[in-house]
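Engineer: got a structure for you, letters missing:
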């Protein structure tokens, strides 16, 4: 039999590892100072895909450590077993996906702030209301 890891080893550490991986991939996939929301979205999609695949591999490895004939099951039905572990990974995404979404929101606000600063420097800033008349009356 495999080594008993308990709640911390089978739930908490994989969740922390996947969350860290997803945020590192997102952070490294988006160039610093980008002004493109599309580039930001691509980085988030890449991070989510990496998180799902890494989660499937991680849960497969944890399962293989506990079940003696796990390799035989994978060889007998590779697609079925792969989709099973992708499903487990999708359930783990319920933990890291909201954190990734929050990171995306903060990064998107930073992109829009940089774009607004660029418009202001170029003299194309948007005013919320017209300036007051020079004599001060309205």
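Structural biologist: Nice, thanks for sending it over. Please read these numbers as outputs of a predicted model, since none were measured by experiment.
Engineer: alpha carbons only for contacts and neighbour counts from here, please
Structural biologist: OK.
Engineer: Please look at residue 39 and residue 30 and confirm they touch.
Structural biologist: Yes: at 6.6 Å, residue 39 counts as touching residue 30 under the criterion of CA atoms under 8 Å.
Engineer: Comparing these two, which shows the higher neighbour count?
Structural biologist: The residue with more neighbours, out of residue 39 and residue 30, is residue 30; 18 against 14, by other CA atoms under 10 Å.
Engineer: so what's that one up against?
Structural biologist: Taking CA atoms under 8 Å, 6 or more residues apart in numbering as the contact definition, residue 30 lies against 39, 40, 43.
Engineer: could I get these as CSV with pLDDT and distance to residue 116?
Structural biologist: CSV is the format used below for the contacts of residue 30 (pLDDT from 0 to 100; distance: CA to CA, whole Å):
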residue, pLDDT, distance to residue 116
39, 95, 17
40, 96, 17
43, 96, 22
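Engineer: Give me the pLDDT value at the nearest residue to residue 100 once chain neighbours are set aside.
Structural biologist: Spatial nearest neighbour of residue 100, chain neighbours left out: residue 23 (6.6 Å); criterion: CA to CA, 6 or more residues apart in numbering. pLDDT recorded at residue 23 is 96.
Engineer: Which secondary structure elements does the one helix or strand residue 23 maps to sit against?
Structural biologist: Residue 23 belongs to helix 13-29 when elements are defined using DSSP states H and E. Counting contacts by 3 or more CA pairs under 8 Å, 6 or more residues apart in numbering; DSSP states H and E, helix 13-29 packs against helix 37-66, helix 78-121.
Engineer: let's see 6 Å
Structural biologist: Secondary-structure packing of helix 13-29 (3 or more CA pairs under 6 Å, 6 or more residues apart in numbering; DSSP states H and E): helix 37-66.
Engineer: what separates the helix it packs on from the chain centre, distance-wise?
Structural biologist: Centre-to-centre, helix 37-66 and its host chain are 9 Å apart (CA atoms, centre = their mean, to the nearest Å).
Engineer: On the pLDDT front, check residue 124 for me.
Structural biologist: As predicted, residue 124 sits at a pLDDT of 67.
Engineer: where does the chain have low pLDDT?
Structural biologist: Within the chain, the segments meeting pLDDT under 70 span 1-5, 124-131, 136-138.
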